[in-house]
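Trainee: next come a sequence and a model predicted from it.
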Amino acid sequence: MSPIANMLVQIKNAQMARHSEILVPFSKIKLTIASILKDSGYIAEIDRRNKKIKKSEHEYLALVLKYTNGVGALHGVKMISRPSRRMYIKAEEIRPVRSGYGLAIISTSKGVMNSKDAWKQKIGGEIICEIW
């Protein structure tokens, strides 16, 4: 399983179990995807921490999950591009996810962004996942 898919499924499962916070191993792309999720209102906060395991330190992202009336903000995740099969999309082919209630995360030449921003800037790229 890819690390990005692992992070997204971990967020979804933690919300279903009503956890308040999760720890995810740090990487730059995970931080970027987490900031897109925060800007879109799917998670509440992002914090970069160091955790000491035995004699070494590892960097983690602490993600505070967002709930509205006891219901998690993130309802579903669908991985589109996988390590075994990369999926690319042109700017003209970008469509709304779940009739505009969701978003897609696209890795473009200008960086990782959500589908709405990529459509406005007329940039295509690798479609990573859909979130609603």
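Mentor: Received the coordinates, thanks.
Trainee: what residue lies at the spatial centre of this protein?
Mentor: Nearest to the mean C-alpha position of the chain, by C-alpha atoms, centre = their mean, lies I33 at 4.2 Å.
Trainee: and that residue, helix, strand or coil?
Mentor: Three-state call for I33 (DSSP: H, G, I helix; E, B strand; the rest coil): helix.
Trainee: how much space between it and N69?
Mentor: Per C-beta to C-beta, to the nearest Å, I33 is found 26 Å from N69. The way it works is simple: take the backbone N, C-alpha and C, and place the C-beta from them, glycine included.
Trainee: for the protein, which spans come out with low pLDDT?
Mentor: 1 (pLDDT under 70).
Trainee: quick check: T68 vs L74, distance?
Mentor: From T68 over to L74 the distance is 11 Å, taken as C-beta to C-beta.
Trainee: for Y88, that is, sorry about that
Mentor: Taking C-beta to C-beta, one finds Y88 at 25 Å from L74.
Trainee: the two: which has the busier surroundings?
Mentor: Ranked by neighbour count (other C-beta atoms under 10 Å), Y88 and L74 place L74 first, with 21 against 12.
Trainee: part of a helix, is the more buried one?
Mentor: No: using three-state DSSP, the assignment for L74 is coil, not a helix.
Trainee: quick one: the residue nearest to the residue nearest to the centre of the chain when sequence neighbours are not counted from I36, how far?
Mentor: Nearest non-adjacent residue to I33, counting by C-beta to C-beta, 6 or more residues apart in numbering: I105, 6.0 Å away. Applying C-beta to C-beta, the value for I105 to I36 is 6 Å.
Trainee: wait, P25 touches L31, no?
Mentor: No: proximity of P25 to L31 does not meet the contact threshold set by C-beta atoms under 8 Å, at 11.0 Å.
Trainee: now do the shared contacts for these two.
Mentor: L61 (C-beta atoms under 8 Å, 6 or more residues apart in numbering).
Trainee: fine by me, we can end here.
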